[in-house]
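Chemist: Got a predicted model here, sequence first, then my questions.
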Protein chains: 2
Amino acid sequence: MTKESKIPNPTIERLAFYSRPLEALLKGGPPVISSEKLAGLCGVNPAQVRKDLAYFGEFGVRGVGYEIRDLLKEIKGILATDREWALCIVGMGNLGISLVENENFKKRGYLFVATFDSDARKIGRQLPCGLTIEPERKIGELVRELGIEIGVITTPSRAAQRVTEILSDAGVKAILNFAPIQVRTPESCIVENVDFSVKLENLVYHLERLYKGKRSA
Amino acid sequence: MTKESKIPNPTIERLAFYSRPLEALLKGGPPVISSEKLAGLCGVNPAQVRKDLAYFGEFGVRGVGYEIRDLLKEIKGILATDREWALCIVGMGNLGISLVENENFKKRGYLFVATFDSDARKIGRQLPCGLTIEPERKIGELVRELGIEIGVITTPSRAAQRVTEILSDAGVKAILNFAPIQVRTPESCIVENVDFSVKLENLVYHLERLYKGKRSA
DNA sequence: CCATCCATGTGCATTATTTCACAATACTAA
DNA sequence: TTAGTATTGTGAAATAATGCACATGGATGG
């Protein structure tokens, strides 16, 4: 009875969100959790949790709750994080290196299998994780050879569009873009943007209003 | 006639978003832009752009468009990015270092003025940007001394809640949290979370559905 | 000075998302 | 077996956000 007809995008985001505390709860504590408890841990409404899950099936037991172990498995199945994904990354500055070396990714099945940069001084350098920085012209070859489906862009803004095109031409199906610019892709390639500054700007907007609010209230 | 009564949150996010191409357009090109052009650059609906701006005033000229220079100044005023903000960061792993050294932040007025870590081996180390890594116990002192209003958390998950409490006790008013965990704060302190994995999970969910869709369609 | 053009600002309809509130139902204990 | 309790799953109401469509009003040229 899974009605995947039209799943709200926020629902998908929250599923990923729910899995964080669930993973922690696996190690010790009761084996079952209620939508209310889980909602509390994630700072959302309990009905929201139930509805989000209900889009994909009936995973709970009425009067009891959700078996943590099973629920996590279901969520991972839905999000397709129950398999491994091969990623590459272009732009090996500080940010690029921090992502490649990040343990959280590996733990969740996101495996960096190639790193690229256009800077001749960086090419050939070996990273702590064992990968070697390759020149950008090898993107096409390595993407095909290693079956890379996801590309991560950590170049400066000015290079982001060019790199996007190289990646999508090479057959990459999804791009995670850290450059603060809107990249255009063909239909066949989906993009998610991560822009730290936007988050900061959100914060300072609300901060400023808080201060102003205090004056008038 | 600014009706700041109830501004949708997505609007704030988009304002920051609009400012990116505007900044680029300042350097060369016509001095005026239409909502349609700007919308195109940001991948949103033109009416959306106009409505977002209209929440805060009438910045355009009918029949003409928006003066880029003025519009940018207005947006920066709204977002409170027309001043400098003092930040500190806790957790100087690879990610922490990449943020501190990131030029984009500095360019936008977000100045890191202190860095902290709990690892004795890192404390005292000088970073390329000139800052020295301080021990966590100095957070309170330095936050007050340097007038730090925003804290950035780049520690492992297990330390995030503790650090959040130290920061908010010290008087920090806003936190940008990179740890993949929901931190609790007192009313007086607002939080934004950045979770890369959530973005990736979004991507792979859609990728997987794309593949499935192809089979059935 | 008037007519025409063009892109803004905005009321309103539409669409999307969240939350409520309650019926359905699995366990527990007597 | 039945009453009681707890918590799910979900229709329907409420809320939020988006997008249309057009009146509005500056700018320009005759």
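Modeler: Cool, the structure landed.
Chemist: Just list the residues touching the residue minimising distance to the centre of chain A, thanks.
Modeler: What sits nearest the mean C-alpha location of chain A, by CA atoms, centre = their mean, is residue A:176, with 7.8 Å. When contacts are counted by CB atoms under 8 Å, 6 or more residues apart in numbering or on different chains, residue A:176 touches A:150-153, A:191-192, A:194, B:196, B:199-200, B:203. All C-beta spots, glycine's among them, are computed from the backbone N, C-alpha and C.
Chemist: hang on, it in a helix?
Modeler: No - counting by DSSP: H, G, I helix; E, B strand; the rest coil, residue A:176 falls outside a helix, being strand.
Chemist: In three-state terms, how would the closest residue to residue A:183 other than its chain neighbours be classified?
Modeler: Spatial nearest neighbour of residue A:183, chain neighbours left out: residue A:164 (4.3 Å); criterion: CB to CB, 6 or more residues apart in numbering or on different chains. Following three-state DSSP, we place residue A:164 in the helix state.
Chemist: pLDDT at residue A:164, what is it?
Modeler: Looking at residue A:164, its pLDDT reads 98.
Chemist: And residue A:60, by the same measure?
Modeler: Looking at residue A:60, its pLDDT reads 96.
Chemist: Next, give phi and psi for it.
Modeler: phi -100, psi 180 (degrees, to the nearest 10).
Chemist: number of nearby residues for it?
Modeler: Residues lying near residue A:60 (other CB atoms under 10 Å in any protein chain shown) number 20.
Chemist: got it, and the one 10 residues further on?
Modeler: For residue A:70, the count of nearby residues is 13 (other CB under 10 Å).
Chemist: and the gap between the residue nearest to residue A:183 and DNA strand C?
Modeler: Using CB to the nearest atom of the strand, to the nearest Å, residue A:164 is found at 25 Å from DNA strand C.
Chemist: Pull the contacting residues for that residue.
Modeler: Applying CB under 8 Å, 6+ apart, we find residue A:164 in contact with A:153, A:175, A:177, A:183-185, A:189, A:191.
Chemist: where exactly do the strands run in chain A?
Modeler: A:32-33, A:60-61, A:65-67, A:85-90, A:110-117, A:133-135, A:150-153, A:174-177, A:190-193 (DSSP state E).
Chemist: Let's have those strands in CSV, adding distance to residue B:95.
Modeler: Shown next, in CSV, are those (distance: least, CB to CB, whole Å):
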stretch, distance to residue B:95
strand A:32-33, 30
strand A:60-61, 36
strand A:65-67, 32
strand A:85-90, 14
strand A:110-117, 15
strand A:133-135, 19
strand A:150-153, 14
strand A:174-177, 15
strand A:190-193, 18
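Chemist: Now do stretch A:62-71: distance to the chain's middle.
Modeler: Between the centre of stretch A:62-71 and the centre of its chain there are 26 Å (CA atoms, centre = their mean, to the nearest Å).
Chemist: how long is it end to end?
Modeler: End-to-end span of stretch A:62-71 (CA to CA, to the nearest Å): 14 Å.
Chemist: quick check: domain ranges of chain A?
Modeler: What the record gives for chain A is the domain set A:4-79, A:86-197, from automatic domain parsing.
Chemist: for the ones you listed, which one ends up most surrounded?
Modeler: Most buried of the domains of chain A by mean neighbour count (mean count of other CB atoms under 10 Å in any protein chain shown) is domain A:86-197; its value is a mean of 18.
Chemist: ends of it, how far apart?
Modeler: One end of domain A:86-197 sits 28 Å from the other (CA to CA).
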